[in-house]
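**Student:** coords please:
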Amino acid sequence: MPSIAPSDALQTLKAEFFRALAHPIRIRLLEELSRGAQSVQALQQRLGVDQPIVSQQLAKLRAHHIVVARKDGTTVVYALAHPKLADLLRVAKDVINGRLVGTQTLLRELRRDRR
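**Tutor:** Got it, this is the predicted structure:
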């Protein structure tokens, strides 16, 4: 009996999710929000990025249901839409760290070969 492949719709949804993450400022925003909910102003100060850029990137994340926003008086406070997003960021960091460690090992070997 042939195996059943995941639906194209599911694969498309996953691709859209990862595309929504595919921007350095959005990753930095998510890393900050993994520490807890924060206002746009606090995020702007922590990242050192202009407010319109922070707002634009948060809007993209919100449109993809990656972050949620709530009003606190006149302030808009953002948070991760799902706590597992912080885990995803940690796993990505571990994977990248593993790649970099491997690269460092190769560089050391190349340096030794030159001698």
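**Student:** what's the pLDDT at Gln114?
**Tutor:** Quick fix: residue 114 is Arg, not Gln. On the pLDDT scale, Arg114 is placed at 77.
**Student:** just Lys84 next, same as before
**Tutor:** For Lys84, the model assigns a pLDDT of 96.
**Student:** report how many residues lie close to it.
**Tutor:** Neighbours of Lys84 under the rule other C-beta atoms under 10 Å: 9. For every residue, glycine as well, the C-beta is placed using N, CA and C.
**Student:** cool, His65 as well?
**Tutor:** Neighbours of His65 (other C-beta under 10 Å): 11.
**Student:** wait, it sits on Leu85?
**Tutor:** No. Look at His65 against Leu85 with C-beta atoms under 8 Å: they stay out of range, at 10.6 Å.
**Student:** poorly predicted segments of the chain, please.
**Tutor:** By pLDDT under 70, the low-scoring segments of the chain are 1-6, 115.
**Student:** what sits closest to the residue nearest to the spatial centre of the chain if chain neighbours are left out?
**Tutor:** The residue lying closest to the centre of the chain (C-alpha atoms, centre = their mean) is Ile27, at 3.3 Å. Of all residues not flanking Ile27 in the chain, Leu21 sits nearest, at 6.6 Å (C-beta to C-beta, 6 or more residues apart in numbering).
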